[in-house]
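requesting a structural model of the entry that follows:
(2 chains)
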Amino acid sequence: MRRKHILAMAWQNMKLRRFRTALTTLGVVIGITAIIGLASLGEGFRVTIREQMEQGFELNVLTVMSGGLLTGVPSFFTEDDVQNISKIDGVILATPLIQKSDVKLFNNNKTSTPLVMLAVNFSEFWTIYPNRLAFENGGLPQSTKNDTTVIGYNVEHPTEGESFANPGQNITIQMTLQRFPPRRENFTFNLAGTIAKSGAAGFINFDDTIFVPIDATKKLFNITNSDMIFVRISDPSFSDSVAKKIKDRFGGEGEVRVLVPAAFLEQVESVLSMLQIFLTAIASIALLVAGLGIMNIMTVSVMERTREIGILKAIGARSRTIMAMFLTEATLIGILGGLMGIPLGYAIAQVMGRFLFRFSAEVTPRRSIITGTTTHPLMEVSPILSLEWVIIAIVFAVGVSVLFGWYPARKAAKLDPVKALRYE
Amino acid sequence: MTAVLETRNVKRTYQMGKVMVSALRGVSLQIEESEFVAILGPSGSGKSTMLHILGGLDRPDEGEVLIDGISLYALNDNKLADVRLHKVGFVFQFFNLLPRLTALRNVEIPLTLANVSEQESIKKAKEMLELVGLGDRITHRPNELSGGEQQRVAIARALINDPKIVLADEPTGNLDTTTGGEIVRLMQRLNKEEGQTFVVVTHDPSVAENADRILFLKDGLVQGEKRGVGGARH
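Okay, here's the model as predicted:
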């Protein structure tokens, strides 16, 4: 019997039992919708996270900290350490950095909240982040001047529209020179510039930070060493080799830690793809249930059509033809379910990407490690449906349908025509 | 005349519950080409089993069945299905039409199974329905046809692939006497005019008496034969 005729017969049977066919197909539709929805949402989520992280993490910048404590032992790195690191192949520049917290700014009657102060070599630090730190007003302090400062966007604008100070003005910086017992002193700095909105890189939120010259800071705190070294490399692909060389110079693992944003990004990526696979696997259960539905319905259908199968066999249909008829029905259900489930899943993913993630971003605000400020990131995820997933979904839908249709189809094909003809 | 159908010592035993029933206990017979043979016997005599085995629907435990010189039960299931498709036509007591198909489509099925082109199969099926006197009922479904009409469709379906032999199992058993008579006359006409070989199984002597030859089946054995009214023609 020709394929065309088998197809026509299968289609006719499905049309005849419209309601039943619709319900069976619906099972497949739900399964494929779940798979496509979660897969495309997962893919979109992954890409969104990666884009955000690529923006957030400057992949060309490694951070060297002393081992041990979370934020490293203060005053660990000497000037020689910085020089040695800058000589490593692939390193463009290494610059020291001192980090002090519990710093307040005063300008006339205005007082800031406690801030984080980063003591840097201005020209070097701005070379580490060449494209990142644009000025809103003013500019980089001259290197010869030791009492100049630059403040981040949120420091300059505690609320939108408000201005804390203008470049050229002198402002007072209150530093906590000693914590126990607390010893605070006020110093006057000249404001050289205010930075435009720059966001965060790694654990530094530039917008919440006040920058001061490192040499002046060393004098004020009476220290010679720095807390961290920021290293700019020529390409993110050197990350691992440079990190290894740095560790080797300090006597190996444990002495220093090197934060490699590219490695972190990779880890997050692998976690996210595992999550995607996991979610899709759960969604596949829905499809398996649909497969059982097909098996169930087809078994009933074979029983109902026993007599018809007997007639067909009596007048000369081969077992293979009978089997092909039933498998064709299963295949059609799979294709139909797949074709309907794919756009539906994608549509649901669109809706979820727009609303669910926005909602979750609002109920789970992000808290910055260093500044302690809370932000509500408004993240929208645009689901991504790749051709791969479309093909996987169709193959899955048809595969499951045929797999579960196989048993009833075989049962039909194996029917004894004499018994089938007697069946009432 | 040559034998289109021949059986040699056919035996068939059934298990019904715990009891073994010998339906056929060594049947040997020959059907000649263009013959109209009736197999007459009371119910339970093994008539239906006989017919199923003659037509390649059921395998005997022992013995041989030859249609057109082909030994049926040496064939595998697929080849046996092909024999049913091309060499045998079945007519059943309960018509056994596919209820959702029109008369035309029902008659077409064997042609479709035989891969005949759609155009040709429609043409042939129409001609065949005209031959059985249903030229004006081709688009009707079985539930829109009377019992006699349904059996005519079944006969058309049995004849459509130009079989060597048509096997009819109580073809009038589900019809009133008048309609039953019409069906018998139709089969006899097809036998006379088209030279179609028929084997009709029945328990009704009035159906059997019009045959060329009547075989009496009892307790799983052929226990005699006689010439029927139709036999007078030869």
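
residue contacts, the residue nearest in space to the middle of chain B?
Nearest to the centroid of the C-alpha atoms of chain B, with distances taken as Cα atoms, centre = their mean, sits residue B:167, at 1.5 Å. Taking Cβ atoms under 8 Å, 6 or more residues apart in numbering or on different chains, we find residue B:167 in contact with B:51, B:54, B:55, B:88, B:89, B:90, B:91, B:199, B:201. C-betas here are computed from N, CA, C, even on glycine.

number of residues surrounding the nearest residue to it once chain neighbours are set aside?
Leaving aside its sequence neighbours, residue B:167 sits nearest to residue B:55 (Cβ to Cβ, 6 or more residues apart in numbering or on different chains; 4.7 Å). Counted with other Cβ atoms under 10 Å in any protein chain shown, the neighbours of residue B:55 add up to 27.

which ones are touching residue B:55?
A:314, B:84, B:88, B:90, B:167.

separation between residue A:89 and residue A:257?
Distance check for residue A:89 against residue A:257: by Cβ to Cβ, to the nearest Å, it reads 21 Å.

ignore the last one, residue A:419
Taking Cβ to Cβ, one finds residue A:419 at 77 Å from residue A:257.

between the two, who's got more neighbours?
residue A:257 (21 against 11).

what about that one, which helix or strand?
Per DSSP states H and E: residue A:257 is located in strand A:256-259.

now swap in residue A:331 and tell me
helix A:319-363.

what's the answer for residue B:185, then?
helix B:177-194.

neighbours of residue 138, how many?
Because you didn't say which chain, this covers chain A. Residue A:138 has 18 neighbours, counted by other Cβ under 10 Å.

could you do chain B instead?
Residue B:138 - counted by other Cβ under 10 Å - has 19 other residues nearby.

that one contacts residue B:105, doesn't it?
No - assessed by Cβ atoms under 8 Å, residue B:138 is found out of contact with residue B:105, at 9.2 Å.

after the lowest-mean-pLDDT helix or strand in chain B, next one along is what?
Lowest by mean pLDDT, DSSP states H and E among the helices and strands of chain B is helix B:205-208, with a mean of 85. On the C-terminal side of helix B:205-208, the nearest following helix or strand under DSSP H and E is strand B:213-218.

just checking, next helix/strand downstream of that next one?
strand B:221-227.

gap between the closest residue to chain B within the stretch 101-250 of chain A and residue A:263?
At 63.1 Å from chain B, residue A:237 is the closest residue in the stretch 101-250 of chain A, using Cβ to the nearest Cβ. According to Cβ to Cβ, residue A:237 stands 12 Å off from residue A:263.

settle it for me: which of these two has more neighbours?
Set side by side, residue A:237 and residue A:263 show more neighbours around residue A:263, with 15 against 11, by other Cβ under 10 Å.

and the residue of chain B found nearest chain A, which of the three is it?
Of all residues in chain B, residue B:85 sits closest to chain A, at 2.5 Å by Cβ to the nearest Cβ. Taking DSSP: H, G, I helix; E, B strand; the rest coil as the rule, one finds residue B:85 in the helix state.

quick one: pLDDT of it?
Residue B:85 is assigned 94 on the pLDDT scale.

wait, residue B:132 touches residue B:186, no?
Yes - counting by Cβ under 8 Å, residue B:186 is a contact partner of residue B:132 at 6.2 Å.

overlap of the contact sets of these two?
B:152, B:155.

and those two? Which one has more around it.
Neighbour count, other Cβ under 10 Å: between residue B:132 and residue B:186, residue B:132 has more, with 25 against 18.

which ones are touching the more buried one?
With Cβ under 8 Å, 6+ apart, residue B:132 has these contacts: B:152, B:153, B:155, B:156, B:159, B:186.

any figure for the gap between the third one and residue A:167?
With distances defined as Cβ to Cβ, the gap from residue B:155 to residue A:167 amounts to 106 Å.

ok, the fourth one next?
To residue A:167, residue B:156 is 102 Å away according to Cβ to Cβ.

more neighbours, these two?
More crowded of residue B:156 and residue A:167, by other Cβ under 10 Å: residue B:156, with 29 against 19.

how close does the more buried one get to residue A:134?
Using Cβ to Cβ, residue B:156 is found at 90 Å from residue A:134.

count the residues that sit near the residue in the stretch 301-424 of chain A positioned nearest to chain B.
Nearest residue of the stretch 301-424 of chain A to chain B: residue A:316, at 2.5 Å (Cβ to the nearest Cβ). Neighbour count of residue A:316, defined by other Cβ under 10 Å: 26.

likewise residue B:193?
With other Cβ under 10 Å as criterion, residue B:193 counts 9.

which SS class is the residue lying closest to residue A:297 once chain neighbours are set aside?
Among residues not flanking residue A:297 along the chain, residue A:24 sits closest, at 4.9 Å (Cβ to Cβ, 6+ apart). At residue A:24 the chain is in helix, as set by three-state DSSP.

phi, psi for the residue lying closest to residue A:46 once chain neighbours are set aside please.
Nearest non-adjacent residue to residue A:46, counting by Cβ to Cβ, 6+ apart: residue A:272, 4.5 Å away. Main-chain torsions, residue A:272, degrees, to the nearest 10: phi -70, psi -40.

next one, pLDDT for residue 107 please.
Reading this off chain A. Value for residue A:107, per-residue pLDDT: 90.

actually, chain B is the one I wanted.
pLDDT, residue B:107: 94.

what residues sit buried inside stretch A:126-145?
A:126, A:128, A:129, A:132, A:133, A:136, A:137, A:138, A:140, A:141 (16 or more other Cβ atoms under 10 Å in any protein chain shown).

nearest to residue A:295 among those residues?
For those, the residue nearest residue A:295 by Cβ to Cβ is residue A:132; the value is 59.2 Å.

leaving out chain neighbours, which residue sits closest to that closest one?
Sequence neighbours aside, residue A:198 is the residue nearest to residue A:132 in space, at 5.6 Å (criterion: Cβ to Cβ, 6+ apart).

shouldn't the one you found be in contact with residue A:152?
Yes - if you go by Cβ under 8 Å, residue A:198 and residue A:152 touch, sitting 7.2 Å apart.

for residue A:96, which non-adjacent residue is closest in space?
residue A:226 (3.4 Å).

so residue 198, which state does it fall into?
Since no chain was named, I'll use chain A. coil.

that one - how many residues pack around it?
The burial count for residue A:198: 18, using other Cβ under 10 Å.

now swap in residue B:148 and tell me
21.

skipping adjacent residues, who's closest to it in space?
residue B:179 (3.8 Å).

count residues in the vicinity of the one you found, would you?
By other Cβ under 10 Å, the residues close to residue B:179 number 17.

now do it against residue B:78, distance only.
Distance from residue B:179 to residue B:78, by Cβ to Cβ: 37 Å.

pop the domain breakdown of chain A in here.
Listed by automatic domain parsing, the domain ranges of chain A are A:3-57+A:265-422, A:61-234.

need the ones you listed in JSON lines with distance to residue B:44, can you?
Below are these laid out as JSON lines (distance: least, Cβ to Cβ, whole Å):
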{"stretch": "domain A:3-57+A:265-422", "distance to residue B:44": "15"}
{"stretch": "domain A:61-234", "distance to residue B:44": "93"}
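
out of those, flag the one nearest residue B:37.
Once the domains of chain A are compared by Cβ to Cβ, domain A:3-57+A:265-422 is nearest, at 20.1 Å.

so which bits of chain A are right by chain B?
A:1-2, A:5, A:12, A:16, A:307-308, A:310-321, A:417-418, A:421 (Cβ under 8 Å from any Cβ of the partner chain).
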